[in-house]
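**Student:** Kindly generate the corresponding structure for this input.
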Amino acid sequence: MRVAMSRRRRRPRTKRPPYHPLHWPLWLVLGLLRLAAFLPYRAHLALGRGLGWLMRRVASRRIRIATWNVQRCFPELDASAHSRMIDQHFESLGIMTFETVLAWWASDARLAPLARFEGWENVERALAGGKGVILLSAHFCPLEIGGRLFRTRHAMHPMYKPNRNVVIEHVMRTRRLEFFQTLIPMDDVRQLLRSLKANFPVWYAPDQGFLGKGMLMVPFFGIDAPTNTATSRLARMSGAPVVPYFTHRLPDGQGYAQKFLPALERFPTDDLAADALRINRLIEDEVRLHPAEYLWAHNRFKWARDGSDRRCQRSAAPAAAAGAAVAGAADEDQGEE
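**Tutor:** Okay, the predicted model is just below:
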């Protein structure tokens, strides 16, 4: 009884408003990043690589998660190849920070020359049906700038998860709403359906570890992973075609490839697991083309069925958070549990 009496009930934490003095250091960091938006594009790449080099040496938990993922998803590679891929991945995470700076603060006129559109006719063909388009994407590092590049050619309504940091959430929403007419919270199915009914493309990425309703364990790189099966249900409810869409960096600082594949045929089916496996394999194929750009620092598998490496199983924080608050924002709002 004494033990029970001595325990104090924890009061729920109240979030401080974005402009609270305790948030001023973060505002200072964001202000410096805002100034960095005026630098040349190649300077952003160089700064990003430097930030990635630092993250590779200090982000111990993210390093463990990335190492676990890379070693198990690419068992055919030796230890030195694994190490090189992880080095390149953290470099990519660092670049993602400065790509987010450009996505939030650069003008369309500045970004448009960086985009190379491949398969745009697949988007036009899908939009001609009048039911919108589900742009099926995945969590590659250039995802934030990819949305802005798409926006230079056509309007888009992206899905996102509100950020837990009130300052990042405030800046992120403010900047995105400068360029996107509507932002769709990840749990707002009605808004998603309204956007599709109005014939808008909707950015949607179901490839992060998902432990909510509708989850199935589906192989990803041969490993059972908790997988979101909502893509099939959304496609069935809306009648919208599903067009795979990915953004990748071009070599030598030439910009970005906006890649659009033909709409998935005979999708959805009555088999949610088969549909989810089809999507996972499609993403696998894209990852193998650009392995360093995939978000390996995110704990995609959440747990391993054999019970191995529980440190990684417990990790569920936003990828790249150790790099900078902005990089974390680009990841956290895309599907963490």
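**Student:** any idea how far Gly255 is from Trp104?
**Tutor:** As for Trp104, its distance to Gly255 is 18 Å (criterion: CB to CB, to the nearest Å). Just so you know, the C-beta spots here come from the backbone N, C-alpha and C atoms, and that holds for glycine as well.
**Student:** Name the residue in the two with the higher neighbour count.
**Tutor:** Comparing Trp104 with Gly255 by other CB atoms under 10 Å, the one with more neighbours is Trp104, at 24 against 17.
**Student:** can I assume that one is in contact with Arg175?
**Tutor:** Yes - counting by CB atoms under 8 Å, Trp104 does reach Arg175; the two are 3.9 Å apart.
**Student:** Please name the residues that touch Arg42.
**Tutor:** Listed by CB atoms under 8 Å, 6 or more residues apart in numbering, the contact partners of Arg42 are Gly253.
**Student:** Helix, strand, or coil at it?
**Tutor:** helix (DSSP: H, G, I helix; E, B strand; the rest coil).
**Student:** again with Asn69
**Tutor:** helix.
**Student:** Please tell me how far the residue nearest to it when sequence neighbours are not counted sits from Val70.
**Tutor:** Closest residue to Asn69 apart from its sequence neighbours, by CB to CB, 6 or more residues apart in numbering: Trp296 at 4.6 Å. Trp296 sits 6 Å away from Val70 when distances are taken as CB to CB.
**Student:** now do Arg266
**Tutor:** Using CB to CB, Arg266 is found at 33 Å from Val70.
**Student:** Check Ala115 too.
**Tutor:** Relative to Val70, and taking CB to CB, Ala115 is found at 29 Å.
**Student:** quick one on the thing from earlier: neighbour count: Arg266 and Val70, which is higher?
**Tutor:** Val70 (22 against 7).
**Student:** Look up how far Asp270 lies from that one.
**Tutor:** For Val70, the distance to Asp270 - CB to CB - is 35 Å.
**Student:** Arg57 now?
**Tutor:** In this view, Arg57 and Asp270 are 50 Å apart by CB to CB.
**Student:** Likewise for Tyr41?
**Tutor:** Remark: distance between Tyr41 and Asp270 (CB to CB) = 47 Å.
**Student:** do the same with Leu216
**Tutor:** Computed with CB to CB, the distance linking Leu216 and Asp270 is 14 Å.
**Student:** roughly how far out does the strand or helix carrying Pro25 sit from the chain middle?
**Tutor:** Taking DSSP states H and E as the definition, Pro25 sits inside helix 24-36. In this view, helix 24-36 has its centroid 22 Å away from the chain centroid, taken as CA atoms, centre = their mean, to the nearest Å.
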